[in-house]
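Got a predicted structure here, sequence first:
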Amino acid sequence: MIARAATLLLVATLVFLATELNAGSSDSPRQMLERMTVAMSQMSYQGTFVYVQGDIVDTMRITHIVDEAGVHEHLVAVSGPPREVIRDSRGVRWVLADDQSVFEDTGFNRSFFPQLPVDQHDQTESSYVMKRGGSARIARHRAQNLKVLPRDEFRYGYSLWLEEHSGLLLKWELIDNDRNVLAKLMFTDVRFGSEVDRSELVPSSQLKKFKTVESKLPAGRGLIKSTPRWQPASLPPGFELTAHRSFEDQDKGIYEHLVYSDGLAAVSLYIESRKAGSTPQTGVKRLGTTHAFSRSADDMLVTVVGDVPAITVKMIGDSVEIGPP
Amino acid sequence: MSKETREHLSALVDGEISPDTSRFLVRRLGSDDELRETWTRYHLVRDCLRHQDGAIAGDDLCARISKAIENEKIEIQAPSISKRWLKPLTGMAIAASVALMAISTVGPGILGTPLPTGEVAEENAVEQFTSPQSLIRAPVSSQASLTGGRNSSDRKMDAYLLRHYQATGATGGKGFVTYVPIVITGSKYSDGTERDSSNANSESDKEEESNPR
């Protein structure tokens, strides 16, 4: 009897271990995306990766630590002029080496905006084709490929390689609707948990001579349940309003921030009072893989920003009809 | 492959190894495919480091390796940059690792073996890292004000961009990847001209996937 119980216990243990070892091996694409989301935000990790976009090949370090104080993140280029982004509970600081400045947005609390889990957004599957790919070895870890491909030209897709146990992103490719790879990122080494060196959170000493410039955008009030005073007449298929913040002041004028998302891609629409005498730049601009579109409408400035193709920001920005508030 | 074996291999490439170890490694090279491939790559790195275009290396590859190494040299020559960032990768080790990275981007095709096809071949394959095509036809152009301070219009766009990333960074679950492109390219806004698809140089996914629309 004892021998039989011991055998059953052994079998149960082996089944449990086998299940653990194969964690993620049978996940659906949605489950893989969910695991990646949790891993990227909740795990502590650190590593070196290479980023390629067109003629640009650059090496960077990421340190991401989660503790009782929240998230501490430091992204730094390991060569060339100091280029860094520091994120923590105080907000985001973006080092602009060209300008010898650190640009800060500290008046904003991320929790103001709701996170949109992939599995709760009905539009995701009508906007993307998701399928598991093969497996590969990246930065000495086994990784499972997941392809998230756009169904139209209004959004980008991704090819993701996720560490097979944790779901952490080890390789990322940005893909357009014609299946061209626009940018790539791949870890060359990565460590997790207690192996992470906390000292790498400290910003570069070179930044001491940089001036600090504060973003002057107001935080605004959350208004997701009320109808925005202005909205685009045309939205790309699958995009829905997911967040809305508003600010109005007799001196500073009106500031509206609306976020539209298809579950994976997100676009911000800003409508703001134009300062008297200002001459805003209009048209489409690009920074990295982000597109922005600006235009003036009466005494308001309409700006659309998103990690989406230029056609998407232009479509949204052009279709906003600015009438009386 | 063990670290010791890699060190021996590197010493062999540089001709700095004892005759006994050399004989042992040469014997293994005859039967160990992984070792032979690594040996070939080490030679390629050395040739590029010495500005000798290898017979099997394309100009583009050497140019990319040289460019990557040049970038790393800036860091090595700038003592004011904190050494903390370089703890795991110092000196020429950085150059070598970047160079190896660049080579792995070219993959086995350049080394005389066919590229793997299909998912069976993909299993256990060393990850390739070919350069994606450019987003735009023209190189990232500099705007006025990039060197002499930013005007109010640039600042406004900076503010919109950073707020957008904060508000939506978690959407899609890609975390820090959201911020990588702006760290790489700095604050150089360019016009939003779409890419020229005729310049495509990485179309692996095209072969595998058809447009579902």
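Cool, the structure landed.

So what's the residue count around A:Ala276?
6 (other CB atoms under 10 Å in any protein chain shown). Backbone N, C-alpha and C define where each C-beta goes, glycine included.

A:His72 too?
So A:His72, with other CB under 10 Å, has 17 neighbours.

same check, this time on the one 3 residues further on
Neighbour count of A:Leu75, defined by other CB under 10 Å: 25.

tell me which element it falls in.
strand A:70-77 (DSSP states H and E).

Same question for that strand: list its buried residues.
A:Val71, A:His72, A:Glu73, A:His74, A:Leu75, A:Val76, A:Ala77 (16 or more other CB atoms under 10 Å in any protein chain shown).

Quick one: the residues you listed as JSON lines, columns for pLDDT and distance to A:Ser261 too.
Below are these laid out as JSON lines (pLDDT from 0 to 100; distance: CB to CB, whole Å):
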{"residue": "A:Val71", "pLDDT": "89", "distance to A:Ser261": "21"}
{"residue": "A:His72", "pLDDT": "93", "distance to A:Ser261": "26"}
{"residue": "A:Glu73", "pLDDT": "94", "distance to A:Ser261": "22"}
{"residue": "A:His74", "pLDDT": "95", "distance to A:Ser261": "27"}
{"residue": "A:Leu75", "pLDDT": "95", "distance to A:Ser261": "23"}
{"residue": "A:Val76", "pLDDT": "94", "distance to A:Ser261": "29"}
{"residue": "A:Ala77", "pLDDT": "92", "distance to A:Ser261": "29"}
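
A:Arg151: which of those residues is nearest?
Looking at the buried residues of strand A:70-77 and their distance to A:Arg151, the nearest is A:Leu75, at 31.2 Å (CB to CB).

How about the contacts made by the closest residue to the closest one other than its chain neighbours?
In this structure, A:Leu75 finds its nearest non-sequential neighbour in A:Val85, 4.5 Å apart by CB to CB, 6 or more residues apart in numbering or on different chains. Shown in contact with A:Val85 (CB atoms under 8 Å, 6 or more residues apart in numbering or on different chains): A:Glu73, A:His74, A:Leu75, A:Val92, A:Arg93, A:Trp94, A:Val95, B:Tyr179, B:Ile182, B:Val183.

Identify the bridge partners of the second one.
Taking DSSP bridges, one finds A:Thr63, A:Ile86 as the beta-bridge partners of A:His74.

doesn't A:Thr63 make contact with it?
Yes. With contact defined as CB atoms under 8 Å, A:His74 counts as touching A:Thr63 (4.7 Å).

Now list whatever residues contact both of these two.
A:Glu200, A:Leu201.

Say whether chain B is contacted by stretch A:156-175.
Yes. Looking at stretch A:156-175 against chain B by CB under 8 Å from any CB of the partner chain, the contacts come from A:Tyr158, A:Ser159, A:Trp161, A:Leu169, A:Lys171, A:Trp172, A:Glu173, A:Leu174, A:Ile175.

Wasn't the second one part of a strand?
I take that to be A:Ser159. Yes. Assigned with DSSP: H, G, I helix; E, B strand; the rest coil, A:Ser159 falls within a strand.

Can you check the pLDDT for the residue nearest to A:Leu75?
A:Val85 is assigned a pLDDT of 93 by the prediction.

just A:Trp172 next, same as before
At A:Trp172, pLDDT is 96.

Starting from the strand or helix carrying it, tell me which strands it pairs with and how they run.
A:Trp172 belongs to strand A:169-175 when assigned by DSSP H and E. Using DSSP bridges, strand A:169-175 pairs in its sheet with strand A:157-163 (antiparallel), strand A:181-192 (antiparallel).

Now, the contacts of A:Val85 that are in helices?
Judged by DSSP state H, these include B:Ile182, B:Val183 as members of helices.

Rebuild the contacts of A:Val85 as a markdown table, extending it with distance to A:Asp197.
Below are these laid out as a markdown table (distance: CB to CB, whole Å):
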| residue | distance to A:Asp197 |
| --- | --- |
| A:Glu73 | 14 |
| A:His74 | 11 |
| A:Leu75 | 15 |
| A:Val92 | 22 |
| A:Arg93 | 20 |
| A:Trp94 | 23 |
| A:Val95 | 20 |
| B:Tyr179 | 20 |
| B:Ile182 | 25 |
| B:Val183 | 20 |
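
Show me the contact partners of the strand holding A:Leu75.
A:41, A:58-66, A:82-89, A:200-204, B:85, B:176, B:179-180, B:183-184.

So which of these belong to strands?
Members of the contacts of strand A:70-77 lying in strands (criterion: DSSP state E): A:58-66, A:84-88.

Quick check: the farthest pair among those?
A:Asp58 and A:Val66 (25.7 Å).

who's more crowded, those two?
A:Asp58 (22 against 15).

With adjacent residues omitted, what lies nearest to the closest residue to chain A within chain B?
Per CB to the nearest CB, B:Pro181 is where chain B lies closest to chain A, at 2.4 Å. Spatial nearest neighbour of B:Pro181, excluding adjacent residues (CB to CB, 6+ apart): A:Gly288 at 2.4 Å.

ok, back up a step: nearest to A:Lys275, of the contacts of A:Val85?
Minimum distance to A:Lys275 across those is 22.9 Å, recorded for A:Trp94 (CB to CB).

since we're on the closest residue to the closest one other than its chain neighbours, how many residues are nearby?
Take A:Trp94 and drop its neighbours on the chain: the residue closest to it by CB to CB, 6+ apart is A:Phe103, 4.7 Å away. By other CB under 10 Å, the residues close to A:Phe103 number 24.

what do you get for A:Gln250?
A:Gln250 has 5 nearby residues by other CB under 10 Å.

Quick check: the gap between it and chain B.
Here the criterion is CB to the nearest CB, to the nearest Å. By it, A:Gln250 lies 21 Å from chain B.

Now that residue, what are its backbone angles?
phi -60, psi -40 (degrees, to the nearest 10).

Give me the pLDDT value at it.
Taking A:Gln250 on its own, its pLDDT is 78.

what mean pLDDT would you report for stretch A:52-59?
On average, stretch A:52-59 scores 88.

burial count for the closest residue to A:Tyr156 other than its chain neighbours?
Excluding its sequence neighbours, the residue lying closest to A:Tyr156 (CB to CB, 6+ apart) is A:Leu174, at 5.4 Å. When counting by other CB under 10 Å, one arrives at 22 neighbours for A:Leu174.

Next: A:Asp197.
13.

what's the answer for A:Gly263, then?
25.

next one: the one 5 residues further on
Using other CB under 10 Å, A:Ser268 is surrounded by 26 other residues.
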